[in-house]
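Undergrad: predicted coordinates and the sequence they were generated for:
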Amino acid sequence: MSVYTSDTPAPLSLEQSGWLFFNGTLFQVSTFDLEVELIWKKKLSLAQILYFVNRYVGDALFLYGTAVLLWVPDGAYFQRLCVSYLSSPFPSLSDPWTWLKFQMSVLLLKSLYPVQTFLTLLSSTGQSFGTVQTFLSVTTLGAMQGIMVHRIVSMYRHERKILIGLAGTFIVEMSAACILAGLSVRLAGAPVELSETLRSCIPVDMVAWSSALWFLMMIFDFLIFLLAAREGIRYRREALARQRSPETSEILANTRWSKEKSLLRILLRDSIIFPFIGLLMCMFNTLAWYVLPLGALQYTMNISAMGSPILGCRLILNLRDAYYRPFADELRNSTLRGKEPCVRKTPWYRYLDE
């Protein structure tokens, strides 16, 4: 029986969890050479920082979840990790300095101790499984959306009103997301041992606003989608106008415009499709929360956790792969021709690494 029709669907199996983990890991390994060449060999930029957070915090999210659900040898460790936030001495978000010091100490312990020792120390401080997963998820999603904002601002040549509007909307959304995450981690967690090596931590006492984060993300992704679509329509109209003019098409043939046009198509394609995929993920998570049986949520949440780092990283890699290599060839060809076309505006691709 399908998970979408059964009131008591089977839990996410070990094979299904392994499939998600394997595909996420396969993406990371298969693109590592591109990452080194196109990301880390270039000058430091905001895109690099967002890429690092999106990719490696997303990896930490998967590794931590796998460690707790599959690798912990004793169920007692998991019992202590999946506990009520209210009964733990975890520092309150109302005291940001204490909370920050606690997080830094946890990161230090994680770098010094192996997995089992780290989980033991973590559980003894009351750091719950849901708390870690929640904040890692918010950080990964925030980095992914930050990458999309960076792309849209580049498309609009850093127009002041676009930059201020998107930056302000992004700050408001992330602030609300952190507040909602801080409130949601206070919910109790019920540890469930599905087998000797497979466990699950099910939140209980869910409140009506628990899915508000998905609505916020849905609105933001829709805004990004509209801005990208608007620029795509404008570009299409300009391209058609140039094609209708014989003089212009003759001048621009085999020049920088042809390369810029190809890059802009890639940027428009990814900037329209990727926010649309993010929008679909938010919609399916919301449906799983309110309409579909409870068991469907574990599928949609896992797919979202895997999809966020892939979408953000791929958006950068796709564009940089098209940006650096063709322009090296074009520079060679332009030198042989001995001339370049005059470009009035600063090309949009100049903003990509700022």
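TA: Everything's here; your move.
Undergrad: Tyr299 touches Leu292, doesn't it?
TA: No. Contact between Tyr299 and Leu292 fails when scored by CB atoms under 8 Å: they sit 9.2 Å apart. Where C-beta positions appear, they are placed from N, C-alpha and C, glycine not excepted.
Undergrad: near Cys313, how many other residues are there?
TA: 26 (other CB atoms under 10 Å).
Undergrad: you'd agree Trp289 is up against Phe215?
TA: No. Assessed by CB under 8 Å, Trp289 is found out of contact with Phe215, at 10.1 Å.
Undergrad: neighbour count for these two, which is higher?
TA: More neighbours surround Trp289 than the other of Trp289 and Phe215, with 17 against 13 (other CB under 10 Å).
Undergrad: could I get the phi/psi values of the more buried one?
TA: Backbone torsions of Trp289, given as degrees, to the nearest 10, read phi -80, psi -40.
Undergrad: how much space between it and Trp214?
TA: When distance is defined by CB to CB, to the nearest Å, Trp289 is 7 Å away from Trp214.
Undergrad: over to Ser137?
TA: For Ser137, the distance to Trp214 (CB to CB) stands at 11 Å.
Undergrad: now swap in Tyr235 and tell me
TA: 31 Å.
Undergrad: of the two, who's got more company?
TA: The neighbour count for Tyr235 versus Trp214, taken as other CB under 10 Å, is higher for Trp214 (20 against 17).
Undergrad: so the more buried one makes contact with Leu287?
TA: No. Counting by CB under 8 Å, Trp214 does not reach Leu287; the two are 9.7 Å apart.
Undergrad: A strand includes Lys42, no?
TA: No. Using DSSP: H, G, I helix; E, B strand; the rest coil, the assignment for Lys42 is coil, not a strand.
Undergrad: and it, how many neighbours?
TA: Count around Lys42 with other CB under 10 Å applied: 13.
Undergrad: likewise for Val149?
TA: Val149 has 21 neighbouring residues, counting by other CB under 10 Å.
Undergrad: distance of the closest residue to it other than its chain neighbours relative to Ala228?
TA: Among residues not flanking Val149 along the chain, Leu166 sits closest, at 5.0 Å (CB to CB, 6 or more residues apart in numbering). Using CB to CB, one obtains 12 Å as the distance from Leu166 to Ala228.
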